[in-house]
Each structure stands twice: as C-alpha cells, then as structure tokens.
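Chemist: make a model of this:
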Amino acid sequence: MAQQGVRHWTVKQVGRWLREEGFCDYVDLLCNKHRLDGTSLLTLTEYDLRSPPLELKVLGDIKRLMVSLRKLQKQNADVLEELGFAHDGHSPQGSAGGEWLCNGESVRDCDGVDALGGEPYQYSNGKHKQQSRRLDPEYWKTVLSSIYVVFVFGFTSFVMVIVHERVPDMRTYPPLPDIFLDSVPRIPWAFAMAEACGLILCNIWLLVLLLHKHRSILLRRLCSLMGTVFMLRCITMFVTSLSVPGQHLQCTGKMYGDMWAKLQRAVAIWSGFGMTLTGVQTCGDYMFSGHTVVLTMLNFFVTEYTPRSWNFIHTLSWVLNLFGIFFILAAHEHYSIDVFIAFYITTRLFLYYHTLANTRAYQHSRRARIWFPMFSFFECNVNGPVPNEYCWPFSRPALLRRLIG
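Modeler: So this is what the prediction gives:
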C-alpha cells in the first residue's frame, strides 16, 4: 500500500493496513466503532491505546501496534509537521488537549515532555530529568507589578502620616508589658545595624536577580508579594494604634495641617524608604514591623532562587535575617508581637504563593482565579517551578570576549 497518501486514507484503507500488519482483532474496534482514518491513525499514541475509550488490555499487542505506527509516522514526518505535530523518532509531539495556559499554549507543551504519551529526557544512568523549557518573561506584567508595589509603598507612607497624628500620648498610655523588651536593655545603635543587615541582604538579592536567567519572573513575584504584605500592614496599623514601645521614642500626636503638608511628609517617607539611615523618623506604625517584612522577604527570595549547594550564601542570608530581627527588638523600636506577626505573615505568604505557583492542578483552577486573582494573572503562564539558571544580563564587552574567549 502506498505510504505517500496515508493522510487521505479512508476508514476502510486503515482497516486494510491493520490486517496487513497482523492486527485483525482490532479492525472492528478502531475502524468500525471509532472511525479511525489516515490522519487520526498518524496521530495515534500509546497513551490513546491504553486510555478510554480504547483501553487495549494486551501489552504485547499495544507494543507491536506502536512499533508499526512509529514506522508509519516516521515515513510521514512531513505530513505530521504540516498537521502541527513534530515527530522525534518515538512519537508525535503536540497538544493533546487538557490544560491550557492563558496565552493559549498547552500545559504539557511547556513541560518539555511528550504531550501525546512520550517520555521525558533520560540519561544513560537511567535517571530522568525534564527537558529545559522556555519561560516567557512577560515584561509587561513585571512593569505592572512594579507599578503596584510603588503605589503600595506610597500609600503606606501616607497611612504612616495619618497614624502619626493618632499616636497615643505616653503619659496616658505608657508602653505595654513585653517580655523581651522588659528583659533586654536597649541598645541605641541596634536599629541602624538592623537596617545595615537589610542593605546587605538587598545587595545580595540584586546580584542574584541581575544574573538569574528568569529575572523578570523573580522581580514580578517579589513586587507582588511585597506589595500585598505592605497593603495588609496599612490596614493593621491604621485600625489599631498601639502605645509607643519605649520612653526613648519622643512620639506625640503631630498634626500636619492641610492635605498638602501630609502629602509632602508622605513623599519624604517614601523617598527615604522609611529608614532612619536616610533621616526618616516615624511613630505609630507598630502593627506590624515593616523592617522585619523586608528582611524576611529578601532572605527567602535569596535562598529560594539560588542553588541548594550555595551553603555560604544561604547561611549568610539567614544570619542577616535573624540578626536584623534581633537588632530591631534590641533597639526597642517594635514590640515582640510586631516582629513575630511580621515574620509569620511574610513566611506564610511566601510559602503559600510558591506552593500554588508550583502546583499546576491548583494554579489553573477556577478557585484560584476567584480567590487569588492577582496570583492567577501573574502566574498563569509560568507553568511549574522556575529553574535556577544563570546568564549574563548583557553581552560581554569586546575586550572581555578576547580575554576569555
């Protein structure tokens, strides 16, 4: 039978081919019942044979039929390519239905695994590894997330101005009892050291971000998580005004007058990143600690997006995080509960976000789109974990290329 016209075979011609190959028992099932023609025969896979509605039970017949099919597919590779399937010598690849990303691509296609029942890449030692897949950086989403976090930081600065006007009078509301603050004497320079730890962590993270191959996705995740935590912080410090944690803080209700004065003060806080090292002094923003949020978030991003073998970087990141938290408490700038809640919320949100992002079944579910719309929007095309791959963000200069080749 001429192989060149397989694409145009009728159901009867497919039945004749099955008989010639020795599969008479399956002519009725495949041709009469399921109307398999030439095109559908070429795209048939072992997964189709094993799954409903065919559900072939004899393993030997399945394997022999697949051998014959692969020969046929190899002889008609150009036809498969024209139909949108790429033949790799084992089985045709392409979309087999199932889940789809919001950009229209198949979920299975993005995994680097044969979408029609093929196997992942196999090393000679028998271990399997998913083939590398291309992740769309989606720069426009990263820009949106950056705008989101800048807006949240600006809004947080304005709320801090409002909170300062409502700070309780220390003569009426003295500092609340706190086991740590009552037990550890205040260290005046400790808060500056906490901010120094944050600056070191920030520089480490910027270096990781600069060299990471998927830097756009990482920056988008950092902006969305940081913005969400600080938006929650706006709510908590606005609805509840705690008394000043220490007598050393000269905090009294400060009225800034008209709206223009409030906006000027908010801009000053925003431009100084809310840090005492830049001359910013704030009062009343206690529930919960923004410094702890930044330290913890940077630590988790550094440890998540660097290889597990980078033990020194991971240890340094955790030391900076924990020492930074200790210095915040030692400076008596926050209650212990402020720091604990900030650490708990930040770590839980980071872990929940990445668990959802790495779980395809939930990532594309209707529940995720309803309850976590921003997560679904940012992550709908990032299918699975982001691999830790590194590359230069720019081409090497000509001199450097001549020196190192």
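Chemist: just the buried residues of the particular helix or strand that has Ser157 in it, please?
Modeler: Element membership of Ser157 [criterion: DSSP states H and E] is helix 139-165. Judged by neighbour count using 16 or more other Cβ atoms under 10 Å, the buried positions of helix 139-165 are 141-142, 144-146, 148-149, 152-161, 163-164. The way it works is simple: take the backbone N, C-alpha and C, and place the C-beta from them, glycine included.
Chemist: who are the packing partners of that helix?
Modeler: helix 215-239, helix 259-271, helix 373-379 (3 or more Cβ pairs under 8 Å, 6 or more residues apart in numbering; DSSP states H and E).
Chemist: Trp318 is nearest to which of those?
Modeler: Closest to Trp318 of the helices and strands packed on helix 139-165, according to Cβ to Cβ: helix 215-239, at 18.1 Å.
Chemist: tell me the buried residues in the closest one?
Modeler: 215-231, 233-234, 236-238.
Chemist: ok now that helix, how far from the chain's centre?
Modeler: 14 Å (Cα atoms, centre = their mean, to the nearest Å).
Chemist: could you tell me the angle between it and helix 139-165?
Modeler: Going by axes from the mean of the first three to the mean of the last three Cα atoms, to 10 degrees, helix 215-239 is angled at 20 degrees with respect to helix 139-165.
Chemist: indicate which one of the helices and strands packed on helix 139-165 is closest to Thr346.
Modeler: Of the helices and strands packed on helix 139-165, nearest to Thr346 by Cβ to Cβ is helix 215-239, at 5.8 Å.
Chemist: export the helix or strand following the helix holding Ser157 as PDB, just CAs?
Modeler: Downstream of helix 139-165, the first helix or strand assigned by DSSP H and E is helix 179-183. Provided in PDB are the C-alpha atoms of helix 179-183 (Å, rounded to 0.1, in the frame of the first residue of the first chain):
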ATOM      1  CA  ILE A 179       8.800  40.000  78.000                       C
ATOM      2  CA  PHE A 180      11.700  40.700  75.600                       C
ATOM      3  CA  LEU A 181      11.800  44.500  75.900                       C
ATOM      4  CA  ASP A 182      11.500  44.300  79.700                       C
ATOM      5  CA  SER A 183      14.300  41.700  79.900                       C
END
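Chemist: which one of the helices and strands packed on helix 139-165 lies nearest to Asp25?
Modeler: helix 373-379 (47.6 Å).
Chemist: from the contact counts, what lies against that closest one?
Modeler: By 3+ Cβ pairs under 8 Å, 6+ apart, helix 373-379 packs against helix 139-165, helix 215-239, helix 336-357, helix 366-371.
Chemist: minimum distance to Arg35: which of these has it?
Modeler: Ranking these by proximity to Arg35 (Cβ to Cβ) places helix 366-371 first, at 33.7 Å.
Chemist: show me what that closest one is packed up against.
Modeler: Looks like helix 366-371 contacts helix 373-379 (3+ Cβ pairs under 8 Å, 6+ apart).
Chemist: starting at the chain centroid, how far to the helix it packs on?
Modeler: 10 Å.
Chemist: mind listing what's buried in it?
Modeler: 375-376, 378-379.
Chemist: cool, and stretch 9-25?
Modeler: 9, 11, 13-15, 17-18, 21, 23.
Chemist: can I get the CA coordinates of that stretch in CSV?
Modeler: What follows is stretch 9-25 as a C-alpha-only set of coordinates in CSV (Å, rounded to 0.1, in the frame of the first residue of the first chain):
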residue,chain,number,x,y,z
TRP,A,9,-6.7,7.1,3.8
THR,A,10,-10.3,6.2,4.4
VAL,A,11,-11.5,4.1,7.3
LYS,A,12,-11.5,1.0,5.0
GLN,A,13,-7.9,1.6,4.0
VAL,A,14,-6.9,1.9,7.6
GLY,A,15,-8.6,-1.4,8.3
ARG,A,16,-6.7,-3.0,5.3
TRP,A,17,-3.4,-1.6,6.8
LEU,A,18,-4.2,-3.1,10.2
ARG,A,19,-4.9,-6.5,8.6
GLU,A,20,-1.6,-6.4,6.6
GLU,A,21,0.3,-5.6,9.9
GLY,A,22,-1.4,-8.5,11.7
PHE,A,23,-3.9,-6.6,13.9
CYS,A,24,-7.1,-8.1,12.5
ASP,A,25,-8.6,-8.3,16.0
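Chemist: quick one: low-confidence ranges for the stretch 51-200 of the chain?
Modeler: 86-133 (pLDDT under 70).
Chemist: if we can go back for a sec, keep only those of the buried residues of stretch 9-25 that are in helices.
Modeler: Here DSSP state H is the test, and the buried residues of stretch 9-25 give 11, 13-15, 17-18 as lying in helices.
Chemist: pLDDT at the nearest residue to Leu135 once chain neighbours are set aside, what is it?
Modeler: Distance criterion Cβ to Cβ, 6 or more residues apart in numbering; nearest residue to Leu135, sequence neighbours excluded, is His214 at 5.5 Å. If you check His214, the pLDDT there is 94.
Chemist: mind listing what Tyr286 touches?
Modeler: 237, 242, 245, 334-335, 338 (Cβ atoms under 8 Å, 6 or more residues apart in numbering).
Chemist: repeat the analysis, applying 6 Å as the threshold.
Modeler: Neighbouring residues of Tyr286 by Cβ atoms under 6 Å, 6 or more residues apart in numbering: 242, 334, 338.
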